[in-house]
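>>> Just a sequence and a predicted model for now, questions to come.
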Amino acid sequence: MGRKNQTWMSEFFLLGLSSDWGTQVSLFVLFLAMYLVTVLGNSLIILLIRLDSRLHIPMYFFLSVLSFVDICYTNSTVPQMLVHFLSDCKSIPFHSCMLQLYISLAMGSTEFFLLGAMAYDRFVAVCHPLHYMVIMHEGLCLVLASGCLVAGFANSLLQTILIFKLPFCHNVINHFACEMLAMLRLTCVDISFNKVMVAISGFLVIMLPCFLVLFSYTGIVAAILRIRSAQGWRKAFGTCASHLTVVSMCFGTAISTYMRPEPGSLAEQEKMVALFYAVVTPMLNPLIYSLRNKEVMSALRRVLGKLGEENSKKFSLSPAGQRKTF
């Protein structure tokens, strides 16, 4: 029965965020601006880390991976949402829906694992500063980043297969994207097993990294309390403040939503949470990590300074520049 329903159901229809045309136009303008800030901000972070050798340390390696994940996460849902704001038919083909769920869930899972790895990196930096580069060597950083990606994609693959093997009663999704809990509400059969798998997945993807973050910051706080100088306190807190801000935003919302999956209820709340992870968090991450990080801002000034010097040299050497007398 499941296969027959899936063969017949060639596409899904998304209800989106609003049915009012004026509201949809306003949302299009708002989310387009946020999307551009997200892509440009995260791309700038990656570019700065790539160009400035002073940022070639584990902390910024993980930050560049996080920025890449945020770009992929946003691109998995937001462009389609923007198109749907201005179209009457908000449909998505079956296989595109499956791919969207797979990519967005993989990127979301990877981000939680990355936040755990970044917490461990900060723990080593604060608690073992003299051995930081020895412990967090290039090989370990690559293994941790690769492990986060593999774990994220493996979790997503399992959940996607389990969901799309189910028979669906209808093809109208009360969401702006093919999201896991929204898809479970379409099913015709008992989904107790899927609820259990979502809970297990939530524990592995959300709670385990959360425990690692708590463990790391417990050690960090203990190490900071042993620091006697005010300058040392400021430096230690400055090292962790940006990451702790992002962690605080992400884990609480995810735990309240995905650790108590109840398909069929709280649909509007799930939309807001999905918007938070697909639009707001990827946009805020580069702002938080850049505006609160002196090294990133210094790298930006250096890159802009070099570009300014190169442009001025080109202008002074050009014929037009040589003839210019005022």
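That came in fine, so what should we check first? Numbers count the residues shown, from 1 in each chain.
>>> which residues of the stretch 101-250 of the chain fall in strands?
Using DSSP state E, counting those that start in this stretch, the strands of the stretch 101-250 of the chain run over 172-173.
>>> need the longest helix for the protein.
Determined from DSSP state H, the single longest helix within the chain is helix 94-127.
>>> where's it relative to the chain centroid, distance-wise?
Centre-to-centre, helix 94-127 and its host chain are 7 Å apart (Cα atoms, centre = their mean, to the nearest Å).
>>> May I see the buried residues of it?
For helix 94-127, the neighbour count (16 or more other Cβ atoms under 10 Å) marks 94, 97-98, 100-127 as buried. All C-beta spots, glycine's among them, are computed from the backbone N, C-alpha and C.
>>> Where does the prediction get shaky in the protein?
Residue ranges of the chain with pLDDT under 70: 1-9, 227-243, 256-266, 291-294, 300, 303-304, 306-326.
>>> Centroid-nearest residue for it?
Centre of the chain computed as the mean C-alpha position; nearest residue by Cα atoms, centre = their mean is Asp70, 3.7 Å away.
>>> In contact with that residue, which residues?
Applying Cβ atoms under 8 Å, 6 or more residues apart in numbering, we find Asp70 in contact with Thr38, Asn42, Met107, Glu111, Thr281, Pro282, Asn285, Pro286.
>>> Pull the most distant pair out of those residues.
Pairwise distances across the contacts of Asp70 peak at 15.8 Å for Met107 and Pro286 (criterion: Cβ to Cβ).
>>> related to what we said a few turns ago, which among the contacts of Asp70 gets closest to Ser26?
Nearest to Ser26 among these, counting by Cβ to Cβ, is Thr38 at 18.7 Å.
>>> Now for Ile163, how many residues are close by?
24 (other Cβ atoms under 10 Å).
>>> That should have said Leu144, apologies.
The number of residues packed around Leu144, counting by other Cβ under 10 Å, is 22.
>>> do the same with the one 10 residues further on
Burial of Ala154, expressed as a neighbour count using other Cβ under 10 Å, amounts to 12.
>>> Could you measure from it over to Phe68?
Separation of Ala154 from Phe68 (Cβ to Cβ, to the nearest Å) stands at 19 Å.
>>> One more: Ile288?
As judged by Cβ to Cβ, Ile288 and Phe68 stand 17 Å apart.
>>> Now do the helices in the stretch 1-150 of the chain.
2-8, 21-51, 58-85, 94-127, 132-135, 138-164 (DSSP state H, counting those that start in this stretch).
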